[in-house]
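**Student:** I'd like to go over a predicted model; first the sequence, then the structure.
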Amino acid sequence: MVMDNIWDPHNVSAVLRSCDAFGVSDVHLYYTTSKWPDLGKKSSASAKKWVRRTRHIDAEAMVSQLRSDGCQVLRTGFSADARPVMDFDFTKPTAIILSNEHNGTAPEIAEVVPDEIYIPMFGMVQSFNVSVAAAIILYEASKQRQEAGLYDAPSFSEEELAQMQSEWYER
């Protein structure tokens, strides 16, 4: 998950909590126009302790790095080119950019990430809260990954797990 200038620290904390619940160990935070979030313990249920966070200020470098790490990079939005979340293959490594609650995707991110997803809705409201959208997207990804058997074996090596455990003890 990548959070693009998500301004409400409660939303950031809730996204971290969902990431931890679905086994997402790394989150990227792109902050260029919003204040760096002061993450509360209550709404994150201390998920910030378990989820690694990487801060970015250069959209092109961030997206390039994610792609060189083997990720397909998608962003949330409502343009005419956006496709339903279920149309994407989440069995591949994927980075989802969650757009800002008020301004949408940062223009510099939109320039380098053409693939846009949305969550189909059937009521009158046009969007979910960003933390709810994150949980729904993570659920869809986890469902696809579980059906493909990707949770049948650990995704981290013994060495990676030991390193993560050491980092957790320090926090």
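**Tutor:** Perfect, I can see it now.

**Student:** shaky segments in the chain?
**Tutor:** 39-46, 171 (pLDDT under 70).

**Student:** Tell me the residue in it that is farthest from the middle.
**Tutor:** Met124 (25.7 Å; CA atoms, centre = their mean).

**Student:** List of residues touching stretch 106-119?
**Tutor:** 4-5, 30, 32-33, 59-60, 63-64, 72-79, 81-85, 87-88, 96-97, 99-100, 105, 128, 133, 136-137 (CB atoms under 8 Å, 6 or more residues apart in numbering). Bear in mind the C-beta positions are built from the backbone N, C-alpha and C, glycine included.

**Student:** Ignore what I typed, I meant stretch 73-89.
**Tutor:** So stretch 73-89 is contacted by 4, 63, 66-67, 72, 94-99, 104-105, 109-110, 113-120, 126-127, 133, 136-137, 140, 144 (CB under 8 Å, 6+ apart).

**Student:** Return the distance of the most centrally placed residue in the chain relative to Thr54.
**Tutor:** In the chain, the residue lying closest to the centroid (CA atoms, centre = their mean) is Met1, at 1.5 Å. Distance of Met1 to Thr54, given as CB to CB, to the nearest Å: 11 Å.

**Student:** Between those two, which contacts overlap?
**Tutor:** Val27, His28.

**Student:** If you count neighbours, what's buried in the one helix or strand Gln146 maps to?
**Tutor:** Using DSSP states H and E, the element containing Gln146 is helix 130-147. For helix 130-147, burial by neighbour count (16 or more other CB atoms under 10 Å) applies to Val130, Ser131, Ala133, Ala134, Ala135, Ile137, Leu138, Glu140, Ala141, Ser142, Gln144, Arg145.

**Student:** again with stretch 47-62
**Tutor:** Ala47, Lys48, Trp50, Val51, His56, Ala59, Met62.

**Student:** Just flag the most distant two among these.
**Tutor:** Trp50 and Ala59 (26.5 Å; CB to CB).
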